[in-house]
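Asks: I'll drop the sequence and a predicted model, then ask my questions.
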Amino acid sequence: MSLLQIENLTATYGVSQALFGVDLEMTQGEVTALMGRNGMGKSTTVKAICRMIRSEGTLTLDGQDLHDLPSHKVARKGVGLVPEGRRCFADLTVRENLIAAARPGNWTLRRITELFPRLGERQEQRAASLSGGEQQMLAIGRALMTNPRLLILDEATEGLAPIVRQEIWAALHRLKQETNVAILLIDKSLKELATVSDRAVILERGRTVWSGAMAELSHDITEKYVGV
Amino acid sequence: MRLDEKYLNGLLIAGLLALPLWALVMDQPFTITLVTRAVILALAAVGLNIILGIGGMVSFGHAVFFGIGGYAMGILAYHAQTYTALDLGFFTTDGTKSMPVIWLMAMVTSGIVAFFIGLLSLRTSGVYFIMITLAFGQMFFYFAISWAQYGGEDGLSIYVRNDFPGLNTLMPIQFYAICFTLLCAVLFLFARLQASPFGLALNAARQTATRVETVGLNPMRLKLLAFVLSGAVTGLAGALFADLNRFVSPTMFSWQLSGELIVLIIIGGVGRLMGPVIGACVFVALEHFLGDLTEFWHVYLGVILLCIVLFGRGGLIGLLTGKEGAHV
């Protein structure tokens, strides 16, 4: 049974329609890359899943219609979001950021600091004083502390130094291998997406134009829809 | 020289213990009453600091809860002392002179009113939140003025201070001991609350409500609970204040008092554990010493407030510790 089911999803920002028919299906433990050029509706799809904008169509998590739920209840149902631009709670320390988000489950402060040792070293440091990469690790850690079944990462490695990006990709590989959490990834690095993702979904002008196993994604398709 | 905030807090508590004892030895009961007034105002401001300091909600109507606490004391004590029945329609009582019962009633009533005010006002933010809380404050103020049964504009006097088991509350030092103990207890709870997951989530909601929602927290619920706790603590302070003066009047609901509570916190340091305490001590000291020199002593208070807002954003505690923010 699918964990996340999206069919013919449409969404609007006020009077402007941004999504015209997104289809996406994810099962537990699966890593899916959500791809497409800039402005094609990837982040809007994420916002629609998290109920941060109005949308219509089929949007279910474990069979439950997410349209009925406010944003915080979607998160409680098991959708963890690492938003674009990190967005940690700047005035709180690393430890406080993680504690504030904590919900009962397998993910604890100790497990987060095992996944990201840098966070362990900076537990009492304010989030605002962390480097961009550390803030990104904190944003991922904070989302994991909610013990999600579906983790969404929106441009998690954007603007980071190559060595930090490698740390984050390594952590995502560990998550895939060691946990059963489903991961929806948006990223510009096609090479890294290909190594970690099981499936890919490509959006073009607010519609799903291709979906399938990552292994089936050909160079022609990526060149046509992603531009690489 | 920069002080560690923990040592500074300890020094302040030690000072609040030593000063009344010194006044007792020197036979200066008025000084004890002054410090008691500072401690009660500090208690009210600690209540406000829960929402202002942690939650970032600028309530300009917190005198509502101070006044409710005061009137809870006034009404219960008035009926007990005049041997008249208090008929609430569904319940009739002879009132009470017991401080713990009065505190409980003050806190419960303030908490319930805070729940309903919060339910409406927390749907707004920024200047609209300030205005709606101010509007509630004015509603209660004018209601108290027109409440002839309990003195209307003239207020309500209580013959003797209420009772506390085992203590003579008419002795200034013994009443002070009660107020000081309650302040310490509330400060302890504030510190625990600030470091708790709830306090951290409230702090996070202050920074951005949307991000808090993405981790499964309902910012409205967090703020409402904080508002109720804050109202209950300020209501307790109101009951003590009315007992200190043995008098309750509509001025306890006034917007000036709401403003003064905010000023106390800004002077001491927003979100700092002892910010309201040092702010209240400075406020009462200025009121007493400058008030003897000129009735326009608020001008000097205004100058101090201006200097702190412009040059010391962390309040006096920030200046003394060298840390501008509560979390820096």
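Replies: Arrived safely. Model, not experiment: these values are computed from the prediction. Residues are numbered from 1 along each chain as shown, chains lettered A, B, ... in the order given.

Asks: could you point out the longest helix in chain A?
Replies: Ordering each helix of chain A by length in residues (DSSP state H) puts helix A:162-178 first.

Asks: and it, C-alpha only, in PDB?
Replies: The C-alpha trace of helix A:162-178 is given here as PDB (Å, rounded to 0.1, in the frame of the first residue of the first chain):
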ATOM      1  CA  PRO A 162      31.200  20.500  -1.600                       C
ATOM      2  CA  ILE A 163      32.600  18.800   1.600                       C
ATOM      3  CA  VAL A 164      29.400  19.700   3.500                       C
ATOM      4  CA  ARG A 165      27.200  18.400   0.700                       C
ATOM      5  CA  GLN A 166      29.100  15.100   0.800                       C
ATOM      6  CA  GLU A 167      28.300  14.900   4.600                       C
ATOM      7  CA  ILE A 168      24.600  15.500   3.900                       C
ATOM      8  CA  TRP A 169      24.400  13.000   1.100                       C
ATOM      9  CA  ALA A 170      26.200  10.400   3.200                       C
ATOM     10  CA  ALA A 171      23.700  11.000   6.000                       C
ATOM     11  CA  LEU A 172      20.800  10.500   3.500                       C
ATOM     12  CA  HIS A 173      22.400   7.200   2.300                       C
ATOM     13  CA  ARG A 174      22.600   6.100   6.000                       C
ATOM     14  CA  LEU A 175      18.900   7.100   6.500                       C
ATOM     15  CA  LYS A 176      18.000   5.000   3.500                       C
ATOM     16  CA  GLN A 177      20.000   2.000   4.600                       C
ATOM     17  CA  GLU A 178      19.300   2.100   8.400                       C
END
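
Asks: Now do the buried residues in that helix.
Replies: Within helix A:162-178, the residues scored as buried using 16 or more other Cβ atoms under 10 Å in any protein chain shown are A:164-165, A:167-169, A:171-172, A:175-176. Glycine gets a C-beta too; all of them are placed from N, C-alpha and C.

Asks: what's the burial count for residue B:49?
Replies: A count of nearby residues for residue B:49, using other Cβ atoms under 10 Å in any protein chain shown, gives 33.

Asks: Show the contacting residues for it.
Replies: B:190, B:265, B:270-271, B:275-276 (Cβ atoms under 8 Å, 6 or more residues apart in numbering or on different chains).

Asks: let's see it at 10 Å
Replies: Applying Cβ atoms under 10 Å, 6 or more residues apart in numbering or on different chains, we find residue B:49 in contact with B:42, B:55, B:187, B:190, B:194, B:230, B:233, B:261-262, B:264-265, B:268-277, B:279, B:326.

Asks: Then residue B:263?
Replies: B:45, B:279-280, B:282-283, B:298, B:301-302, B:304-305, B:308.

Asks: quick one: average pLDDT of the longest helix of chain A?
Replies: Averaged over helix A:162-178, pLDDT sits at 94.

Asks: Is chain B within reach of it?
Replies: No - judged by Cβ under 10 Å from any Cβ of the partner chain, helix A:162-178 stays clear of chain B, getting no closer than 17.6 Å.

Asks: ok now that helix, how far from the chain's centre?
Replies: 14 Å (Cα atoms, centre = their mean, to the nearest Å).

Asks: ok, the helix or strand following it: who's next to it in the sheet?
Replies: Using DSSP states H and E, the next helix or strand after helix A:162-178 towards the C-terminus is strand A:182-186. If you go by DSSP bridges, strand A:182-186 pairs up with strand A:31-35 (parallel), strand A:150-154 (parallel).

Asks: From chain A, how far out is the residue lying closest to residue B:251 once chain neighbours are set aside?
Replies: Excluding its sequence neighbours, the residue lying closest to residue B:251 (Cβ to Cβ, 6 or more residues apart in numbering or on different chains) is residue B:257, at 6.9 Å. Computed with Cβ to the nearest Cβ, to the nearest Å, the distance linking residue B:257 and chain A is 29 Å.

Asks: what about whichever helix or strand residue B:224 is part of and chain A, any contact?
Replies: Residue B:224 belongs to helix B:219-245 when assigned by DSSP H and E. Yes - Helix B:219-245 comes into contact with chain A (Cβ under 10 Å from any Cβ), by way of B:219-221.

Asks: so how far is residue A:58 from the closest residue to residue A:59 other than its chain neighbours?
Replies: Nearest residue to residue A:59 in three dimensions, chain neighbours excluded: residue A:66, at 4.7 Å (Cβ to Cβ, 6+ apart). Residue A:66 is 10 Å from residue A:58, where distance means Cβ to Cβ, to the nearest Å.

Asks: okay, and the common contacts of these two?
Replies: Counting by Cβ under 10 Å, 6+ apart, the residues touching both residue A:66 and residue A:58 are A:5-6.

Asks: quick one: which of the two has more around it?
Replies: Comparing residue A:66 with residue A:58 by other Cβ under 10 Å, the one with more neighbours is residue A:66, at 24 against 13.

Asks: which residues sit in contact with the residue nearest to residue A:59?
Replies: A:4-6, A:48-51, A:55, A:58-60, A:73-74, A:77, A:79.

Asks: I'd like to know which of those is nearest to residue B:128.
Replies: Here the nearest of the contacts of residue A:66 to residue B:128, counting by Cβ to Cβ, is residue A:51; it sits at 24.6 Å.

Asks: any chance of the strands paired with strand A:182-186 in CSV, plus mean neighbour count?
Replies: Listed next are these as CSV, based on neighbours: other Cβ atoms under 10 Å in any protein chain shown:
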stretch, mean neighbour count
strand A:31-35, 25
strand A:150-154, 24
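
Asks: could these be laid out in JSON lines, adding mean pLDDT?
Replies: As requested, the strands paired with strand A:182-186 are exported to JSON lines (pLDDT from 0 to 100):
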{"stretch": "strand A:31-35", "mean pLDDT": "96"}
{"stretch": "strand A:150-154", "mean pLDDT": "96"}
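
Asks: now those strands as JSON lines including distance to residue B:176?
Replies: Listed next are the strands paired with strand A:182-186 as JSON lines, based on distance: least, Cβ to Cβ, whole Å:
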{"stretch": "strand A:31-35", "distance to residue B:176": "65"}
{"stretch": "strand A:150-154", "distance to residue B:176": "56"}
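
Asks: Much appreciated, bye for now.
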